[in-house]
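In: Provided below are the primary sequence and the corresponding predicted coordinates.
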Amino acid sequence: MREETILRRLRDRDPAGLEALMDRYLPYVSAVVWNILRDSMSPEDGEEVASDVFLAAWDQAAQLKPDHVKSWLGAVARHKAKNRLRQRGRTLPLEEDLLDLPGPDDPAGELERAEERARVRRAVFSLPDPDREIFLRHYYYAQSVKEISAALELNESTVKTKLRRGRFRLKELLTKEALA
């Protein structure tokens, strides 16, 4: 089923639209969720977070746009997984929290979120290659260090070092921009 058809069915509150959306994107959403939760929670908790992502899509079907569904689902999955960690008293390292943008499931403050996304995007794209690619693969596409090192034919320790340096560089850039 085409994405436009799935979205139309979701907007019409047709459960077949939700089923088709889940058939297409559940593996992706689950991967994003588990790359954040890792071993810190039970499989049931991870499944609940993934379900919450699709519930958000059902509730906000009118906001979904063709060709942007996957990125929207990924952003919601990251947001909900990180929130679940926080609810359970677990947190991400400070450097990773710096990149945590407010989720798209809160309609208030859209302009503020857009400005914040633009700031982070400028900072990320100011990173040199291959640092930028590594950073995007890890934080946007939720790839593990092992997957990135295999894809880019780099040592895992090199990938970890570049991620750490990238987080530090982004923190510098975003702090400098916020103070300006």
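Out: All right, it came through fine. Since this is a predicted model, take the numbers as computed values, not measurements.
In: pLDDT below threshold where in the protein?
Out: For the chain, the stretches with pLDDT under 70 are 89-113, 178, 180.
In: what about the helices in it?
Out: With DSSP state H as the criterion, the chain has helices at 3-11, 15-37, 43-59, 69-87, 94-97, 110-125, 131-139, 145-152, 156-179.
In: and the angle for the second one with helix 43-59?
Out: Meaning helix 15-37. Interaxial angle of helix 15-37 relative to helix 43-59 (axes from the mean of the first three to the mean of the last three CA atoms, to 10 degrees): 130 degrees.
In: ok, the last one next?
Out: Between the axis of helix 156-179 and that of helix 43-59 there is an angle of 40 degrees, by the same axes, to 10 degrees.
In: against which helices or strands is helix 156-179 packed?
Out: The helices and strands touching helix 156-179, judged by 3 or more CB pairs under 8 Å, 6 or more residues apart in numbering; DSSP states H and E, are helix 94-97, helix 110-125, helix 131-139, helix 145-152. The C-beta positions use only the backbone N, C-alpha and C, and glycine is treated the same way.
In: could I get the ones you listed as a markdown table with distance to R2 and mean neighbour count?
Out: Listed next are those as a markdown table, based on distance: least, CB to CB, whole Å; neighbours: other CB atoms under 10 Å:
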| stretch | distance to R2 | mean neighbour count |
| --- | --- | --- |
| helix 94-97 | 36 | 12 |
| helix 110-125 | 28 | 13 |
| helix 131-139 | 27 | 19 |
| helix 145-152 | 29 | 16 |
